[in-house]
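Engineer: starting from these lines, generate the structure:
(one chain, ligands or ions: 4)
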Amino acid sequence: AKETGRNAMRFFDPAMQTVVVERAILEAGLRKAIEGSQFLLHYQPQVVENDRITGVEALVRWQHPQRGIVLPADFIPMAEETGLILPLGNWVLETACAQLAQWAIRPELAHLTIAVNISAQQFRKPDFVEKVLAVIHRTGANPNRLKLELTESLLVDNVQDIIQKMAELKIKGIFFSLDDFGTGYSSLSYLKRLPLDQLKIDHTFVRDILYDSNDAAIAGTILALAKSLGLEVIAEGVETAAQRDFLASVGCHAYQGYYFCQPLPIEGFEKFMMTA
Ligand code: C2E
Ligand code: CA
Ligand code: CA
Ligand code: CA
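Structural biologist: Numbers count the residues shown, from 1 in each chain. Ligands and ions are numbered 1, 2, ... in the order given. I've put the predicted structure just below:
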């Protein structure tokens, strides 16, 4: 009885209670946000040589009625835990595809691709392929301009099932990029089997690339591996010209990061394109 008494005491620990209450408020807020369309996308340019912009990554933000713009780190984990990532992920995909359809009729923007982050939970749904194709159909987006970013967390699933889904989308022209590459569990055998188009070097390897020989070696290895597998590579989190130059010297050709441009709201991004 003493034991349970102690546990009960712990349950009513005021600090703990605050955490529980805060989480409940966050979850309720997130539900309302999805119903009330409080989300928006920011777009971060992806560039190749000579700073030419080939596309963007769509990054979701929560336009909170009291808190202002909330970044994904403060709500994506909760969305994942509660399954709200599914309706949120659908909204992101739908919005990105609608944007592609709008750009398609503007000569100076029609070449741009949009990369969309896909949570493992989303991809895992049996009707994922149908859902994506339905969104493309509904919005009129060109599937050749759509890139889906998957993460290695997906690879705990049945690989044959993953390959099947990717293949069905790939024949429609959709691109696949493996995000945060090198931070997770993917084995080389998976890499060879998955019908990927691109590996994304995680920003944690880019950050200290000039000073940390391990990070430089990892980046170089990813580039060599990608080359031998016939995959493109993009480095994320590039903040300085020196980082870009180093990456270029080891064979990287595509970049994303604050050095080129931060993620921008749609108006800001389009203006950036017009003046670039
Ligand atoms: P991520 O997919 O790795 O996205 C890159 C993150 O790096 C973005 O953070 C971006 O703003 C940030 N970033 C860009 N350039 C630089 C740079 O030069 N230096 C540094 N230090 N950071 C840079 P953000 O927008 O806060 O997104 C964080 C994470 O949230 C994303 O990481 C992604 O995992 C997740 N996320 C964002 N949007 C979505 C979405 O629509 N769906 C899902 N499932 N996840 C999303
Ligand atoms: Ca990403
Ligand atoms: Ca990433
Ligand atoms: Ca990341």
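Engineer: how about the strands of the stretch 51-200 of the chain, start to end?
Structural biologist: Under the criterion DSSP state E, counting those that start in this stretch, strands of the stretch 51-200 of the chain are mapped to 53-64, 68-70, 113-117, 146-151, 175-181, 198-201.
Engineer: among the ones you listed, which is the most enclosed?
Structural biologist: Highest mean neighbour count of the strands of the stretch 51-200 of the chain: strand 198-201, a mean of 24 (counted as mean count of other CB atoms under 10 Å). Every C-beta, even on glycine, is put in place using the N, C-alpha and C of the backbone.
Engineer: after that strand, which helix or strand is next?
Structural biologist: Helices and strands here follow DSSP states H and E; after strand 198-201, the next one along the chain is helix 203-206.
Engineer: for the next helix or strand after that next one, buried residues please.
Structural biologist: Read in the C-terminal direction, the helix or strand following helix 203-206 is helix 213-229, with elements assigned using DSSP H and E. Judged by neighbour count using 16 or more other CB atoms under 10 Å, the buried positions of helix 213-229 are Asp215, Ala216, Ile218, Ala219, Gly220, Ile222, Leu223, Leu225, Ala226.
Engineer: need the strands of the stretch 51-200 of the chain in TSV with distance to ligand 3 and mean pLDDT, can you?
Structural biologist: Rendered in TSV, the data for these read as follows (distance: least, CB to the ion, whole Å; pLDDT from 0 to 100):
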stretch	distance to ligand 3	mean pLDDT
strand 53-64	9	97
strand 68-70	19	95
strand 113-117	8	98
strand 146-151	7	97
strand 175-181	4	94
strand 198-201	6	96
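Engineer: one step back: which one of the buried residues of helix 213-229 is nearest ligand 3?
Structural biologist: For these, the closest approach to ligand 3 (CB to the ion) belongs to Ile222, at 12.9 Å.
Engineer: hang on, isn't that closest one packed against Asp180?
Structural biologist: No: between Ile222 and Asp180 no contact is recorded; they are 11.5 Å apart, counting by CB atoms under 8 Å.
Engineer: before we move on, back to that, turn the strands of the stretch 51-200 of the chain into CSV, including distance to Gln102.
Structural biologist: Compiled in CSV, the strands of the stretch 51-200 of the chain are given as follows (distance: least, CB to CB, whole Å):
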stretch, distance to Gln102
strand 53-64, 13
strand 68-70, 23
strand 113-117, 11
strand 146-151, 14
strand 175-181, 20
strand 198-201, 24
